[in-house]
Structure formats: C-alpha cells, structure tokens
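Colleague: Quick one, what's the 3D model for this:
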Amino acid sequence: MALLTFAGRLTADPVVDRSDRTLSAEFVVAESTGAYVRGEWVPHAVPTTRWVRTPHQLTDAVAATLRSGVHVVVTGREHTELRGRHEVRVVEAVRVGVLLAAEQTVTVHPHPGPGSWWPTDV
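Modeller: Numbering: from 1, shown residues only. Got it, this is the predicted structure:
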C-alpha cells in the first residue's frame, strides 16, 4: 500500500477512542480539490472528505493540538472499511502536522509526565 499525502481543513474536533484494545483519534479532513480548465484552476463544488485515524503514538498530540477549522497536512495509507452499510475510505495516518502555509496560529498546552508525548525537560 502506497503512502498518500494531502492537505485540508478539519471539519470537526478529533474524537479520541480509548477502548480496551486501542487508543486512537479519528477526524475528517475536507480537501480542496479541483481541476485545470483551459489553464485556470477551477475548484470542485464539493470538497473531497477523507476520514483519518491516528495510531496510538500520535493520539495525544492530535487531541491536544487540532481543532475544527485547522488546516493540516496528513501522510498515511488509505484502505476501505465497512461502517454500517457503507464502505468508507480511511487513511491510517503516519504523520499529521499543522499546515503553516495557511497562516494560522495553533496553541498547545503540554502536560509533561509519564507516557506523555511532550518532553519532560522543557
């Protein structure tokens, strides 16, 4: 499975799943897509939405940093899952970052300690 990289805006705050077997965060990214028509970029009327799931290692950082409306860049592997009666394409994220080119400010409130993603010596 090849890596996919895309950028877009979060449609809602990430949802953290702390079930017995796994720790992950899920969120939806609206990717602005379009096509060149006669040399001009024309955005599609409806953006492409991508479901993203983060692994255990990224979950706390994603939950502490990302909020609805934040522009992000995601790299991961895409696969199909059955949710109810519908098939959904889900990206298993390898990397998630704030898109600094979108000229936005993101505030992080770290909580250092055992098991934290934030270094304790800062």
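
Colleague: Select the helix or strand of the chain having the lowest average pLDDT value.
Modeller: helix 56-65 (a mean of 86; mean pLDDT, DSSP states H and E).

Colleague: for it, the distance to its chain's centre please.
Modeller: Taking CA atoms, centre = their mean, to the nearest Å, one finds the center of helix 56-65 at 10 Å from the center of the full chain.

Colleague: now the strands for the chain?
Modeller: Secondary structure of the chain, counting by DSSP state E: strands at 4-10, 15-17, 24-31, 34-37, 40-43, 48-54, 71-83, 86-98.

Colleague: Switch these over to TSV; also include distance to A63.
Modeller: Just so you know, the C-beta spots here come from the backbone N, C-alpha and C atoms, and that holds for glycine as well. As requested, the strands of the chain are arranged in TSV below (distance: least, CB to CB, whole Å):
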stretch	distance to A63
strand 4-10	12
strand 15-17	5
strand 24-31	6
strand 34-37	31
strand 40-43	30
strand 48-54	9
strand 71-83	13
strand 86-98	11
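
Colleague: pLDDT score for the residue of the chain most remote from its centre?
Modeller: Relative to the centre of the chain, and counting by CA atoms, centre = their mean, the farthest-placed residue is R38 at 32.5 Å. R38 carries a pLDDT value of 94.
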